[in-house]
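>>> I would like to see how this sequence folds:
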Amino acid sequence: MRFLSLQSHVAYGYVGNRAATFPLQRLGHEVWAVNTVEFSNHTGYGAWRGRTAPAEQVADIVHGIEALGLLPRCDALLTGYVGDAALADVVLDTAARVRAANPKAIWCCDPVVGDVDTGIYVKPGIDVFFRERAIPAADLVTPNHFELEHLTRRKVGTMVEALAAARSLLKGPRLALITSLRRADGPPDQIEMVAVTVDTAWRVVTPLIGFDVMPNGTGDMVSALFAAHWLANDDIAGALGCAASSVYAVLEATREMGERELQLVAAQDRMVAPLRRFTAEKL
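Numbers count the residues shown, from 1 in each chain. Predicted structure coming up:
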């Protein structure tokens, strides 16, 4: 399959396109990566160098790909971190161009806004863009727990609340994937991923791996892997289990190596063939 991926890029570490591209390539897929920012490292370090890509530059690159006649061959558009509100129209225009060229292509929108340990870390207006314009136009939306609460303006402490919040996003998308769920009524040593449609839901549970500083980029990796497995087999439960198993394998290797950044390259074989496999259950 072929993916057009509009996400952030960092020289050091694995977030955005750096967290999505290699896993997809390792599975045998083509990725056309268009970078929305060029940073030295992700913002979780508190200091970084680089800049947000001008909207005209991102649009120009997409137009160049289109000029080669490649968009009819694009199976999915992946979007994530949007560094500046000026890029919003470019993201929407890209989705329109991909769909016009290939009506079967899906848009997987990762509404990157923040996380539980950082709060909001995007510029003002980005959350409004996701809530009001991007999510309603997407096919698959992949918020983490914090983003689910922020974007739906709902408190999520139970599975019932999580399902209700996720379904409130399905006013356009066919499917919502909660990439990390830590609910008050769940075991404290576990973390869940939940895939939700209008009338069905599945969850997969994995042990919570402890880190002094949780590696960034897991959500970017999950979104890419889930989208790829879902597109390949049209099996939501299977895609959920495969994505969770791969991410757990990488996180386990990252902890064993004592690293802060996801060890995607070192753990690539584990990612493709996880030693421990997790199965999704229907709720």
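>>> can you give me the helices in the stretch 101-250 of the chain?
126-129, 135-137, 145-152, 159-168, 218-233, 236-256 (DSSP state H, counting those that start in this stretch).
>>> Name the surrounding residues that touch the least confident helix or strand in the chain by mean pLDDT.
Using mean pLDDT, DSSP states H and E, strand 119-120 stands out as the lowest-scoring helix or strand of the chain, at a mean of 72. Strand 119-120 is contacted by residues 113-114, 127, 146, 150 when judged by C-beta atoms under 8 Å, 6 or more residues apart in numbering. Heads up, the C-betas are built off the backbone N, CA and C, glycines and all.
>>> Describe which strands that strand pairs with in its sheet and in which direction.
strand 114-115 (antiparallel) (DSSP bridges).
>>> and the partner strand, how far out from the chain's middle?
12 Å (C-alpha atoms, centre = their mean, to the nearest Å).
>>> which residues are in contact with that strand?
120-122, 144, 146-147, 150.
>>> Over to stretch 100-110?
With C-beta under 8 Å, 6+ apart, stretch 100-110 has contacts from 7, 66, 71-80, 95, 98-99, 130, 134-135, 137-143, 173, 219-220, 223-224, 227, 231.
>>> With stretch 149-160 instead?
111, 113-114, 120, 127, 130-131, 135, 143, 145, 148, 161-162, 164-165, 168-169, 181, 183-186, 194, 203, 283.
>>> And for stretch 66-81?
1-8, 15-17, 20, 32, 36-37, 65, 91, 94-95, 97-98, 100-102, 104-110, 112, 122, 134, 220, 223-224, 227-228, 231.
>>> tell me which element the residue nearest to residue 94 when sequence neighbours are not counted falls in.
Excluding its sequence neighbours, the residue lying closest to residue 94 (C-beta to C-beta, 6 or more residues apart in numbering) is residue 62, at 5.1 Å. Taking DSSP states H and E as the criterion, residue 62 maps to helix 55-67.
>>> Name all residues that make contact with residue 275.
residue 249 are the contacts of residue 275 under C-beta under 8 Å, 6+ apart.
>>> Tell me the pLDDT of it.
Residue 275 is assigned 92 on the pLDDT scale.
>>> try residue 115
75.
>>> so what's it bridging to?
Beta-bridge partners of residue 115, counted by DSSP bridges, are residue 119.
>>> For the residue lying closest to residue 268 once chain neighbours are set aside, which residues are in contact?
In space, and not counting its chain neighbours, residue 268 is closest to residue 26: 5.4 Å by C-beta to C-beta, 6+ apart. When contacts are counted by C-beta under 8 Å, 6+ apart, residue 26 is found next to 268, 271-272.
>>> show me where the stretch 1-150 of the chain has strands.
Secondary structure of the stretch 1-150 of the chain (DSSP state E, counting those that start in this stretch): strands located at 2-10, 30-39, 50-52, 76-79, 106-109, 114-115, 119-120, 140-141.
>>> ranking these by mean pLDDT, which is last?
The weakest mean pLDDT among the strands of the stretch 1-150 of the chain belongs to strand 119-120, with a mean of 72.
>>> Now the buried members of the contacts of stretch 66-81.
1-8, 15-17, 20, 32, 36-37, 65, 91, 94-95, 97-98, 102, 105-110, 112, 122, 134, 220, 223-224, 227-228, 231 (16 or more other C-beta atoms under 10 Å).
>>> For residue 242, see how far away residue 165 is.
To residue 242, residue 165 is 25 Å away according to C-beta to C-beta, to the nearest Å.
>>> I should have written residue 92 there, sorry.
For residue 92, the distance to residue 242 equals 30 Å [C-beta to C-beta].
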